[in-house]
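[1] Quick one, fold the following:
(one chain, ligands or ions: 1)
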Amino acid sequence: MKSVLIIVLLAISIKSIAQPTELDNKVQAFLNKHKGKWHDLNVPYEDGKILYDLIIKNHYTSALEIGTSTGHSTVWIAWAMSKTGGKVVTIEIDKRRHEEAIENLAEAGLSNYVDARLANAHELVKELPGPFDFVFSDADKDWYKQYFLDVHPKLKLNGCYTTHNVADGLAGDGYYKFVTSHPDYTTTLDRTSRAGVLISYKKK
Ligand SMILES: C[S@@+](CC[C@H](N)C(=O)[O-])C[C@H]1O[C@@H](n2cnc3c(N)ncnc32)[C@H](O)[C@@H]1O
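    The predicted structure follows:
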């Protein structure tokens, strides 16, 4: 009798965990509505999902995104932050894109989880104090290495530094080799999409 009761209680609690919230429904509706329609160098849906899953799996709460554009990846990161109780700082240099991103995040119901900055990331990344436990680097590729060097001391142990568009040597300046051979990181390449997401965990 007692074990039946435990099973019933477990089933109820699992069901309540899996139940999407009002915010989940709003974000999912937003993502479905815009799927395949992003046209400002935005990540594909699949790559947004990779970022979301990484944050949820590791319970990250302090994210930095370099290269907001109109906010597709930001929506995924912010959605994950809404689950972990965290926030993402995101940087964009283009005013029109920055403003559109703010509108998109509001439409998705995620404004509270985002600090969107209109700035040159070359300067702001150096200035932000951190610490961060999750980073998504997706702005100008010829600066990828410098962004990594600037963020490295502000990334927490077991934190994760992700970089977009690194497949097929797309990121110049020996970036791929630099990161994959960095002694303080364990790095893998997720090729779910053609662009590729480089995932580097800080181990020391
Ligand atoms: C590939 S797009 C980002 C896409 C975005 N992560 C998404 O999935 O929606 C790169 C963005 O970085 C911005 N960018 C380029 N150089 C920058 C810089 N120095 N500082 C800030 N943003 C920059 C570009 O204006 C562009 O919108």
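[2] Neighbours of residue 64, how many?
    27 (other C-beta atoms under 10 Å). Bear in mind the C-beta positions are built from the backbone N, C-alpha and C, glycine included.
[3] So it belongs to a helix, correct?
    No. According to DSSP: H, G, I helix; E, B strand; the rest coil, residue 64 belongs to no helix; its state is strand.
[4] starting at the chain centroid, how far to the strand with the most length in the chain?
    When the chain is parsed with DSSP state E, its longest strand is strand 155-164. Computed by C-alpha atoms, centre = their mean, to the nearest Å, the chain-centroid distance of strand 155-164 equals 10 Å.
[5] That strand pairs with which strands?
    Here strand 155-164 is paired, per DSSP bridges, with strand 132-137 (parallel), strand 197-202 (antiparallel).
[6] Using JSON lines, lay out those strands together with mean pLDDT, distance to the ligand and mean neighbour count.
    Shown next, in JSON lines, are the strands paired with strand 155-164 (pLDDT from 0 to 100; distance: least, C-beta to the nearest ligand atom, whole Å; neighbours: other C-beta atoms under 10 Å):
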{"stretch": "strand 132-137", "mean pLDDT": "98", "distance to the ligand": "7", "mean neighbour count": "26"}
{"stretch": "strand 197-202", "mean pLDDT": "97", "distance to the ligand": "11", "mean neighbour count": "21"}
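[7] Please convert those to a markdown table, extending it with distance to residue 162.
    Listed next are these as a markdown table, based on distance: least, C-beta to C-beta, whole Å:
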| stretch | distance to residue 162 |
| --- | --- |
| strand 132-137 | 5 |
| strand 197-202 | 5 |
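[8] mind checking the end-to-end distance for stretch 106-118?
    End-to-end distance for stretch 106-118: 16 Å, by C-alpha to C-alpha, to the nearest Å.
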